[in-house]
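Novice: Based on what follows, work out the 3D shape:
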Amino acid sequence: MVDIAELDSSDITVEERLLIQELVSRYCWALDTGDADGYVGCFTRDGWIEHFPPKRYVGEEIREMVTNLWYGRPYRFMGRQHQPHNLLLERVGDTIHAQAMWQVTRLLQQENRFETFLLGHWEAVCAREGGRWRFKSLQIKHWFRHEAPWVGDPKARLVLPGDENKKPGEF
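Specialist: Next comes the predicted model:
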């Protein structure tokens, strides 16, 4: 994770910042509305995503991963909203590294009600390809008790028996 205190986004133009924000919005809209082509189009040709369960997906595997998210558990995905915020950007060569916190709300279709479902953050590398900013890499980090990022005093974190044996992304 990037050290927030060391970020220097002064060399990122306002236009680039807006275009990266647009990429994040396109990603969320495609993900939350079942648009596979739009979703895959958010990544460079050699781009990859790491998603729960912890695995890296590249190329057409990205389409398979998102299709499984949508249809692998019937009625579980439609109505979700990924809501990114606190976007931090840093130029690294020809790329822009991005971090954003997010929360996901979901529609419980049987009850026709909504709830906050997940919290986490993204760590991404964005690159220009085909005249647009796209994700060269996107790591999705869920915030569970034992792995939510924390740089303060460790005594703030509740540690329960068995937490040390949990794999990344495991409840």
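Novice: partner strands of the longest strand anywhere in the chain, parallel or antiparallel?
Specialist: Criterion DSSP state E: the longest strand present in the chain is strand 113-129. Note on strand 113-129: by DSSP bridges, its sheet partners are strand 95-108 (antiparallel), strand 132-142 (antiparallel).
Novice: Just the C-alpha atoms of stretch 47-63, please, in CSV.
Specialist: Taking Å, rounded to 0.1, in the frame of the first residue of the first chain, the C-alpha atoms of stretch 47-63 are listed here in CSV:
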residue,chain,number,x,y,z
GLY,A,47,-4.3,-5.9,-17.6
TRP,A,48,-5.1,-8.0,-14.6
ILE,A,49,-7.3,-8.0,-11.5
GLU,A,50,-6.9,-9.7,-8.2
HIS,A,51,-10.2,-10.4,-6.7
PHE,A,52,-11.8,-12.5,-3.9
PRO,A,53,-11.1,-15.3,-3.5
PRO,A,54,-7.5,-14.2,-3.9
LYS,A,55,-6.6,-15.0,-7.4
ARG,A,56,-5.2,-13.0,-10.3
TYR,A,57,-7.3,-12.9,-13.5
VAL,A,58,-5.8,-11.8,-16.9
GLY,A,59,-7.4,-11.1,-20.3
GLU,A,60,-10.5,-13.2,-20.9
GLU,A,61,-10.2,-14.6,-17.4
ILE,A,62,-11.5,-11.2,-16.3
ARG,A,63,-14.7,-11.8,-18.2
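Novice: for it, the distance to its chain's centre please.
Specialist: Chain-centre distance of stretch 47-63: 12 Å, with C-alpha atoms, centre = their mean, to the nearest Å.
Novice: cool, and stretch 88-105?
Specialist: 9 Å.
Novice: Contacts for that stretch next, please.
Specialist: 1-2, 4, 7-9, 11-12, 16-17, 20, 24, 80-87, 114-128, 133, 136 (C-beta atoms under 8 Å, 6 or more residues apart in numbering). Every C-beta, even on glycine, is put in place using the N, C-alpha and C of the backbone.
Novice: give me the low-pLDDT residue ranges for the chain?
Specialist: Low-confidence segments of the chain (pLDDT under 70): 1-10, 169, 171.
Novice: Mind doing that once more with 90?
Specialist: 1-10, 51-54, 73-75, 144-148, 162-171 (pLDDT under 90).
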